[in-house]
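>>> here is my input; please provide its structure:
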Amino acid sequence: MNAETLILIGGLYNLALAVFHLLFWKLFNWKQDLASLTPLNRAVVQILNLCLTFVFLVFAYISFFHANELLHSKLGRSLLALMAIFWFLRAIEQIIFFGLRRKASIAFLILFLIGTGLYSIPLIDQALRR
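Residues are numbered from 1 along each chain as shown. Modelled structure (predicted):
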């Protein structure tokens, strides 16, 4: 699979995670669950989720419409590296905050490592071609 294809798949990956995050209110019963938090903490959780959703949409947009620039410019390769690091850090956070005792947690760890690969493999491929 070529580097541009991996980046386009990365765009779909980020788009899917954006949709997933928009469903948090319903999936995790946030209306009821977050009611136990202080108004400040309730607002912070929801704002962080919406901002993270926006980041996923930005990653998806860049992946869909600027894959060539991601591969062939210094700024693009920097963005590829940052997106790969973002997903790698999310994988590490999965272990720290959720552990690996449950199958779902292991599945999310693998999912986030896939995100790491979708952006790091094209970056490594470009570095080897230079």
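>>> might one say that Ser63 is in contact with Leu6?
No: judged on Cβ atoms under 8 Å, Ser63 makes no contact with Leu6 at a distance of 9.4 Å. For every residue, glycine as well, the C-beta is placed using N, CA and C.
>>> neighbour count winner among the two?
For Ser63 versus Leu6, neighbours defined as other Cβ atoms under 10 Å are more numerous around Ser63 (26 against 20).
>>> what residues are up against that one?
7-8, 10-11, 14, 70 (Cβ atoms under 8 Å, 6 or more residues apart in numbering).
>>> the same query, at a cut-off of 7 Å, please.
7-8, 10-11, 14 (Cβ atoms under 7 Å, 6 or more residues apart in numbering).
>>> and which of these is nearest Gln32?
Asn14 (28.9 Å; Cβ to Cβ).
>>> can you pick the most crowded of the contacts of Ser63?
Neighbour max across these (other Cβ under 10 Å) = Gly10, 28 neighbours.
>>> could you pull out the strands for the chain?
Ranges of strands within the chain: none, based on DSSP state E.
>>> can you give me the neighbour number for the spatially closest residue to Gln94 that is not a sequence neighbour?
Distances taken as Cβ to Cβ, 6 or more residues apart in numbering place Leu109 nearest to Gln94, at 4.7 Å, with adjacent residues excluded. Close neighbours of Leu109, defined as other Cβ under 10 Å, add up to 19.
>>> do you know the pLDDT at Leu109?
Looking at Leu109, its pLDDT is 98.
>>> how much space between it and Phe98?
Leu109 is 8 Å from Phe98, where distance means Cβ to Cβ, to the nearest Å.
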